[in-house]
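Undergrad: Coordinates only, no sequence provided:
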């Protein structure tokens, strides 16, 4: 499972404030838990999330073990020009996921 | 006990009083623990989904598909639906090819299976299809893939009313009701004590729901994952300090059948989100 759900309005007016919602499937294993046999379960989390709008970074976040599984990140931006908003998640054990959405600004 | 009381009666009057008092206490305790559960079904118009007891934030999570983490399983389930598996090299979609071929199915499950002479729940039905038609090994209960397929199928019934009209289910509904109303576990509680008599009250700060299975499989924030109704039932049994049945036990299916009958007419919410 490595799917993501993205909610970017397909159309917006120039200068409009738009809400962007992202949900990535990830277990966010804290590294503080032990298995049934007492073996520590190694940490496996998403550590960084970056959103770019036509290549320019508009939002980024650092994630920590206290964040629940399947992190849901939502933020706001101003619709300036038509183009692509790209989302990138980076994490432990080489985890990397990318998604993108197009927006038409009128 | 009666032996002890008899021995006591030959001793000093004070001891007799003492003993008879403890005997009375014991008798009362015995009575309390053995009287049948006297609960009544919730009137049909008083029934409500635990969705209504949730915070606005949690409701918003369930309502919006891109905020509902259960949708991650639905998306996976859609892919699994089209994947060719087993010796038959056949996908689910090869037989059920309409876009919403499973619409309404989850709303009437567990359904009676003539071949088995008993109801089967949606998870078991998927595995029957896998073993009989796809010639693939059954998926482990509560595995990601089985949850994904169940969520994908059940999601197609979202908003539809729960149906429980098959007369052949009646004896199984009765069995389910008997389990629901039977005291069990070290706390000596029946399901009905919480979910018929005390819904709306709080248990450890959390509202007690009526216990309608309309959103399964659902995403519990506490689990941080999607889970089946059977997992939820096991949770309750553990809370009551009762012995849990193994997954796929007929007791669960009877309970599921009863619970769906109890929720008849209520809208399906799959994939639900709960705290």
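TA: Ah, there it is. Treat the numbers as computed from the prediction; the structure is a model and nothing was measured.

Undergrad: Please identify which helix or strand holds the closest residue to residue B:273 other than its chain neighbours.
TA: Nearest non-adjacent residue to residue B:273, counting by Cβ to Cβ, 6 or more residues apart in numbering or on different chains: residue B:62, 4.0 Å away. Just so you know, the C-beta spots here come from the backbone N, C-alpha and C atoms, and that holds for glycine as well. Here residue B:62 sits within helix B:56-63, counting by DSSP states H and E.

Undergrad: how far is that helix from where the chain is centred?
TA: 22 Å (Cα atoms, centre = their mean, to the nearest Å).

Undergrad: So the following helix or strand past that helix, near chain A or not?
TA: Going down the chain from helix B:56-63, the next helix or strand is helix B:70-82, by DSSP H and E. Yes. Taking Cβ under 8 Å from any Cβ of the partner chain as the criterion, helix B:70-82 and chain A are in contact, through B:71, B:72, B:75, B:76.

Undergrad: So what's the predicted local confidence for the third one?
TA: Among the per-residue scores, residue B:75 holds a pLDDT of 95.

Undergrad: OK, contacts around it?
TA: Shown in contact with residue B:75 (Cβ atoms under 8 Å, 6 or more residues apart in numbering or on different chains): A:3, A:5.

Undergrad: Does residue A:61 touch residue A:49 like I think?
TA: Yes. Residue A:61 is within contact range of residue A:49, at 4.6 Å (criterion: Cβ atoms under 8 Å).

Undergrad: Close to chain A: what parts of chain B are there?
TA: By Cβ under 8 Å from any Cβ, the residues of chain B that approach chain A are B:61, B:64-67, B:69, B:71-72, B:75-76, B:144, B:148, B:221, B:224-225.

Undergrad: Narrow those residues to those that are buried.
TA: B:61, B:66, B:67, B:69, B:71, B:72, B:75, B:76, B:144, B:148, B:225 (16 or more other Cβ atoms under 10 Å in any protein chain shown).

Undergrad: Could you give the backbone dihedrals for the fourth one?
TA: In this entry, residue B:69 is assigned phi and psi values of phi -60, psi -20 (degrees, to the nearest 10).

Undergrad: which residues does it contact?
TA: A:23, A:25, A:69, A:70, A:72, B:61, B:219, B:226, B:273.

Undergrad: If we ignore the residues flanking it in sequence, what's nearest the fifth one?
TA: Nearest residue to residue A:72 in three dimensions, chain neighbours excluded: residue A:23, at 4.8 Å (Cβ to Cβ, 6+ apart).

Undergrad: No further queries at this time; thank you.
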